[in-house]
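1. structure for this input, please:
(one chain, ligands or ions: 2)
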Amino acid sequence: MLEQDIKEVLVTREEIQEAVNRLGEQLTKEYKDKEVVVVGILRGASIFMADIVRAMDVYLEIDFMDVSSYGDAFESSGEVKIIKDLDTHLEGRHVLVVEDIIDTGRTLKYLVDLFKYRKAASVQVCTLLDKPARRVVKDIIPDYVGLEVPDEFVVGYGLDFEQKYRNLPYIGVLKPEIYQ
Ligand code: XMP
Ligand code: MG
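-> Ligands and ions are numbered 1, 2, ... in the order given. From the prediction side, this is the model:
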């Protein structure tokens, strides 16, 4: 049913699984001696978050933050509004931000600056997807990247179009007639 709206599969289930395993090994090494608070950014990162924390064999806490970026459906403006804040006090804590995709980098810039302002001991960023061609904020360099994708609007594995397609088990591009 969902599949008929997809023009092209960009990242298969298997490729996602490989990326999760690879990142999980790296993050296990990174955080084996420092307890980390893993912060998932709702709602896009929810599916990736569930997989990545299970690929990390370390003591960790999880928390979620929901932010909305003013702008249209396809581009963030950098003006970020907090819809749900963290419940965890970050002072002195190691923070790993988990994102679905970095596009312009504006959302992440806001969050990394906020967590540093809250005196986190360290702030690192893990994103499933990176769209480097679209970067506007040049000093946002994700520490851990699953896969790079071209400059196309993608859905699936947490990523949506008008709140739908998040439950696709792979990453794909919609047929143009769906969003036109
Ligand atoms: P910025 O531009 O702030 O945006 O780096 C990051 C947020 O924008 C959304 N985004 C997408 N969502 N398919 C989506 O479903 C895409 O191709 C896409 N590109 C950006 C996403 O919410 C991300 O957190
Ligand atoms: Mg998002």
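2. list the contacts for residue 55?
-> 20, 21, 23, 24, 25, 27, 28 (Cβ atoms under 8 Å, 6 or more residues apart in numbering). In this view, the C-beta of every residue, glycine as well, is placed from N, C-alpha and C.
3. need the helices for this structure, in chain order.
-> Taking DSSP state H as the criterion, the chain carries its helices at 13-30, 46-54, 106-117, 176-179.
4. please indicate which of the contacts of residue 55 are buried?
-> Among those, those scoring as buried are 20, 23, 24, 27 (criterion: 16 or more other Cβ atoms under 10 Å).
5. helices and strands around the top strand by length along the chain, which ones?
-> The longest strand of the chain (DSSP state E) is strand 60-71. Packing partners of strand 60-71 (3 or more Cβ pairs under 8 Å, 6 or more residues apart in numbering; DSSP states H and E): strand 36-42, helix 46-54, strand 76-84, helix 106-117.
6. got a list of what the closest residue in space to residue 146 that isn't next to it in sequence touches?
-> For residue 146, ignoring the flanking residues on the chain, the nearest one in space by Cβ to Cβ, 6 or more residues apart in numbering is residue 19 at 3.7 Å. Contacts for residue 19 (Cβ under 8 Å, 6+ apart) come out as 11, 128, 146, 147.
7. from these, which is closest to ligand 1?
-> residue 128 (10.2 Å; Cβ to the nearest ligand atom).
8. about what we covered before: would you mind getting the angle between the longest strand of the chain and strand 36-42?
-> Relative orientation of strand 60-71 versus strand 36-42 (axes from the mean of the first three to the mean of the last three Cα atoms, to 10 degrees): 30 degrees.
9. tell me the mean pLDDT for strand 60-71?
-> Across strand 60-71, the average pLDDT comes to 90.
10. off-centre distance for that strand?
-> With Cα atoms, centre = their mean, to the nearest Å as the basis, strand 60-71 stands 10 Å off its chain's centre.
11. just checking: what are the partner strands of it?
-> Note on strand 60-71: by DSSP bridges, its sheet partners are strand 36-42 (parallel), strand 76-84 (antiparallel).
12. rank those by mean pLDDT and give me the bottom one.
-> With a mean of 84, strand 76-84 has the lowest mean pLDDT of the strands paired with strand 60-71.
13. show me what contacts the nearest residue to residue 99 once chain neighbours are set aside?
-> Spatially, and ignoring its direct neighbours in sequence, residue 99 is nearest to residue 127 (4.3 Å; Cβ to Cβ, 6+ apart). Residue 127 makes contact with 98, 99, 100, 101, 102, 108, 142, 144, 145, 146, according to Cβ under 8 Å, 6+ apart.
14. one more time with 7 Å
-> For residue 127, the contact set (Cβ atoms under 7 Å, 6 or more residues apart in numbering) comprises 99, 101, 102, 142, 145, 146.
15. alright, that wraps it up for me.
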